[in-house]
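Visitor: Here is the input, now give the coordinates:
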Amino acid sequence: MKKCAKCKETEEHDELLVCRKCKSAFYDQRDQMFVVIIQLLAVAAMYSFKDYIVPGFTYLCGILSALILFPVFKLYQKYKYPEREVLKEVAYSLPYSFLGLIVTVVSITAITAIPSGQFVSDGLPDGDEFGLEYARYVEMACYISAGAYVAFLMVFHRGRIYSNDRFYSRIMAAEYTQITDYNLFAKVSSDKCTWYVGRQSFVVDKESFVFFADTSGYAYFKDRNGVYFLENSHTERAGMILSGCDTESFALLKKYNPTSSRMFAKDKRRVYFLHGPRSVALSDVDVEAVRVLQHDYLTDGKVIYQGADRIELDLDIATLDVLPHNYVRDRNGVYLISGVNQMKLDVADPESFEPIDYKTFKDKSGVYQVEHSQVRRMEPDELLSYVDSCV
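Guide: Numbers count the residues shown, from 1 in each chain. Below is the predicted model of the structure:
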């Protein structure tokens, strides 16, 4: 896990080189803190040993330590998190980091000092002879180290060091992409495409990965490997569903309602109920005869489903009428169906039946309420109170 030095966003996927929030070349905040701490220690040492060692020599040692120890620190990160691409992290982010500023200053100083032979260490005040004797060696080591960083950047970026686009466009063009119209963030290599969402990642087939449906709760995608969902209300939640389906023939059934979070789909073998992570295959439904009814009901003429739940009641499918609030009726009666809770309302008259809400209905005989699988007729005073509460 690493934290972006620019926007402070925490990244779960250590291998990413681009911050998914601020869309800049990822620079680990710990890298920055590592260099800052070394510089603070150099300042502290400079004042602590100013009576024994030339302060300027101490600070030169601090700069050299930052230049030399930073690669060691990155190698440690690579050892701890093998998936990290530390060379690319340094190449993309170094020019815009605090360490990059040090490299720039040291490089400019080297260009000025070496040709003229006027080294900075030559101007150090008299003091400890040890510091004065080795100051030029330390200064030259700083120039060599900074030169190595600059050479590395120029080789990596083909002669360029700085860029106004902060290398973001170059990273995205070479290794990352926004797949589908939803601009899903993905990393592309020669052999795979990895889609990143929240703390999860999915290896998808870039060529066949497409968006195919959007509901009030979920967006759905598919590739040759399976079907995926992305929760619209919480874009860090996603997953792969229905991995065994035939994605080439996979399509939505008719009466698709984009304002609902649930819908049906089918391929050449099976019918599916889609509801995000609760999506399931309805394996006993005839694919050729299936048709979608109102209010998330489906039938093939033999079985009936309400969403993912099969209706076990003996209904007459030919005269079936799906009503609001989980009620259905046929020529034999009226039924209340809510998932696995299914019951026939024996007191209800099918012809005059009218649903009021999920637990209240009326017919020519009066108004009734359903409580704990029991149906009771409402008394006049109770009915008045109920009407007042609804106004």
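Visitor: contacts, neighbours, all on C-alpha from now
Guide: OK.
Visitor: need the contact list for the nearest residue to Thr10 once chain neighbours are set aside.
Guide: Distances taken as Cα to Cα, 6 or more residues apart in numbering place Lys3 nearest to Thr10, at 4.3 Å, with adjacent residues excluded. Under the criterion of Cα atoms under 8 Å, 6 or more residues apart in numbering, the neighbours of Lys3 are 9-11, 27-30.
Visitor: Report the buried members of those.
Guide: Buried by 16 or more other Cα atoms under 10 Å: 9-11, 27-29, out of those.
Visitor: for this protein, which spans come out with low pLDDT?
Guide: In the predicted model of the chain, residues 121, 123-132, 161-170, 172-173, 235, 254-259, 381-391 satisfy pLDDT under 70.
Visitor: again, 50 this time
Guide: 391 (pLDDT under 50).
Visitor: give me the beta-bridge partners of Arg310?
Guide: Beta bridges link Arg310 to Tyr305, judged by DSSP bridges.
Visitor: Touching, it and Val303? I think so.
Guide: Yes - if you go by Cα atoms under 8 Å, Arg310 and Val303 touch, sitting 7.5 Å apart.
Visitor: can you give me the strands in the stretch 51-200 of the chain?
Guide: In the stretch 51-200 of the chain, the segments counted as strands under DSSP state E, counting those that start in this stretch are 176-179, 184-188, 193-197, 200-204.
Visitor: can I get the ones you listed in a markdown table with mean neighbour count and distance to Ile114?
Guide: As requested, those are exported to a markdown table (neighbours: other Cα atoms under 10 Å; distance: least, Cα to Cα, whole Å):
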| stretch | mean neighbour count | distance to Ile114 |
| --- | --- | --- |
| strand 176-179 | 18 | 42 |
| strand 184-188 | 19 | 44 |
| strand 193-197 | 20 | 48 |
| strand 200-204 | 15 | 51 |
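Visitor: give me every residue that touches Glu66.
Guide: Actually, residue 66 is Ala. It isn't Glu. Per Cα under 8 Å, 6+ apart, neighbours of Ala66: 35, 38-39, 99.
Visitor: Can you tell me which of those residues is nearest Tyr92?
Guide: Of all the contacts of Ala66, the one with the least separation from Tyr92 (Cα to Cα) is Leu99, at 12.8 Å.
Visitor: separation between the closest one and Ala66?
Guide: Distance, Leu99 to Ala66, using Cα to Cα, to the nearest Å: 8 Å.
Visitor: Now for these two: what residues contact both?
Guide: Common neighbours of Leu99 and Ala66 (Cα under 8 Å, 6+ apart) are Val35.
Visitor: How is the residue nearest to Ile356 when sequence neighbours are not counted assigned, secondary-structure-wise?
Guide: Spatial nearest neighbour of Ile356, chain neighbours left out: Lys362 (7.1 Å); criterion: Cα to Cα, 6+ apart. Here Lys362 takes the strand state, with states given by DSSP: H, G, I helix; E, B strand; the rest coil.
Visitor: What helices and strands are in contact with the longest helix along the chain?
Guide: When the chain is parsed with DSSP state H, its longest helix is helix 129-156. In terms of contacts (3 or more Cα pairs under 8 Å, 6 or more residues apart in numbering; DSSP states H and E), helix 129-156 is packed against helix 55-80, helix 86-93, helix 98-116.
Visitor: And that helix, what's buried?
Guide: 131-132, 135-136, 138-147, 149-150, 152-153.
Visitor: what does stretch 16-32 give?
Guide: Counting neighbours by 16+ other Cα under 10 Å, stretch 16-32 gives 16-20, 24-29, 31-32 as buried.
Visitor: Asn232 contacts Ala219, doesn't it?
Guide: Yes - using Cα under 8 Å, Asn232 is in contact with Ala219, at 6.5 Å.
Visitor: which of those two has more neighbours?
Guide: Taking neighbours as other Cα atoms under 10 Å, Asn232 and Ala219 compare with Ala219 leading, 19 against 15.
Visitor: strands paired with whichever strand or helix holds that one, and their directions?
Guide: Assigned by DSSP states H and E, Ala219 belongs to strand 218-223. With DSSP bridges as the test, strand 218-223 is paired with strand 210-214 (antiparallel), strand 226-231 (antiparallel).
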